[in-house]
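Student: Only the shape, not the letters, is given here:
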């Protein structure tokens, strides 16, 4: 399992992660310190060089967006990474689509009235140090009521099975509180 | 009981009609100052509940119609009176207006209302009656109006900073996108807000 912390790659832990993911309501799993430190340093260096493309569609979302830096693009495409996700989800996965987002102060996403029925696993790989929870910026997974809240963190992977009418949004990042942006790789596993 | 300051510009209807990005008007010193102070003081004594969703974060009072607060009820009775409905019709040219509703809002530091169009069945004209002490740009809390590109609000083209005893009216329609900018300072943004219905 290239560049994944060894604490998550033993057969026994893999089985525990799979059981934990399936048992969740919604099906979900969060891992901290997921990437090994040398690889994390390279990723953070690449993320720091990104030139964000501003996306301001105010009735839907406000954030900065970019394509994955090469080091992460390679990592997501690697057979070992797909095997890791397959082990957790208990099924063979075909592809992982991902982009990297910058939720700067003033950024947000909104839920939409018309929700397409989804079947897939959403993931968030967070690279945000020292987040103040009072700043907002968390991801809320909602199906009528909030089912799961993902707080920004560093080197943190969250997987959530989105089924039926579940939606998620990223809470407005308060300019009066946030000192730095939330940087997170988000995507869908098919 | 006299409420209005009677200082409405003669060309208010024309100003409203041509305002960009959608018809609106901002009228300062709308009510008699002593009445505005009484209403503000009554609102500040009312009870508020925190509301927090993907779209907003603020504190809201109960519906003012039916409140036990006599000053606010009297104000609402005037605001929903035939005299007020006809006045709003004359400014906005939206008619007939049949009723209105009203709630109190308190935005404190970090509170906001994100971009939306206000469209809901029956809503014809939105209003914000501001009762805050005057804000400056660094305080935030502005009502911001957006222009559209490809059917979506992409750009702020007008900002209205909270100002005491100021009434803002705008027509509710598919392009009436607006927000309330985050309050950035310790100032409190007090308002009575609602819609006129047709």
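Tutor: In hand now; what should we look at? Since the structure is predicted, the reported quantities are computational estimates derived from the model, not experimental observations.

Student: The residue of chain A found nearest chain B: how many residues sit nearby?
Tutor: Among the residues of chain A, residue A:58 lies nearest to chain B; the distance is 3.7 Å by CB to the nearest CB. Yep, even glycine has a C-beta here, placed from its N, CA and C like the rest. Neighbour count of residue A:58, defined by other CB atoms under 10 Å in any protein chain shown: 21.

Student: next one: the one 4 residues further on
Tutor: Here the neighbour count serves as a burial measure; for residue A:62 (other CB under 10 Å) it reads 22.

Student: Same question for residue A:85.
Tutor: What residue A:85 shows, counting by other CB under 10 Å, is a neighbour count of 18.

Student: gap between the residue of chain A closest to chain B and residue B:103?
Tutor: Per CB to CB, to the nearest Å, residue A:58 is found 24 Å from residue B:103.

Student: and the gap between the residue nearest the centre of chain A and residue A:187?
Tutor: Among the residues of chain A, residue A:124 comes closest to the average C-alpha position under CA atoms, centre = their mean, at 0.4 Å. Taken as CB to CB, the spacing of residue A:124 relative to residue A:187 amounts to 8 Å.

Student: any common contacting residues for these two?
Tutor: A shared contact of residue A:124 and residue A:187, defined by CB atoms under 8 Å, 6 or more residues apart in numbering or on different chains, is any residue touching both; here there are none.

Student: thinking again about what came up before, wait, the residue nearest to the centre of chain A touches residue A:150, no?
Tutor: Yes - Residue A:124 is in contact with residue A:150 according to CB atoms under 8 Å; the separation is 5.9 Å.

Student: which ones are touching residue B:66?
Tutor: With contact set as CB under 8 Å, 6+ apart, residue B:66 has these partners: residue B:73.

Student: Need the three-state assignment for it.
Tutor: Local secondary structure at residue B:66 is given as coil here, using DSSP: H, G, I helix; E, B strand; the rest coil.

Student: wait, doesn't residue B:48 sit right on residue B:59?
Tutor: Yes - with contact defined as CB under 8 Å, residue B:48 counts as touching residue B:59 (3.8 Å).

Student: Quick check: beta-bridge partners of the residue nearest to the centre of chain A?
Tutor: With DSSP bridges applied, residue A:124 shows beta-bridge pairing to residue A:158, residue A:186.

Student: just residue A:53 next, same as before
Tutor: residue A:65.

Student: ok, it - how many residues close by?
Tutor: For residue A:53, the neighbour count with other CB under 10 Å is 11.

Student: And it, what's its pLDDT?
Tutor: As summarised for this prediction, residue A:53 has a pLDDT of 98.

Student: Over to residue A:32?
Tutor: In this model, residue A:32 is scored at 97, pLDDT.

Student: Skipping its backbone neighbours, what lies nearest it in space?
Tutor: residue A:156 (5.1 Å; CB to CB, 6 or more residues apart in numbering or on different chains).

Student: now the end-to-end length of stretch A:86-95.
Tutor: Its first and final residues considered, stretch A:86-95 spans 11 Å by CA to CA, to the nearest Å.
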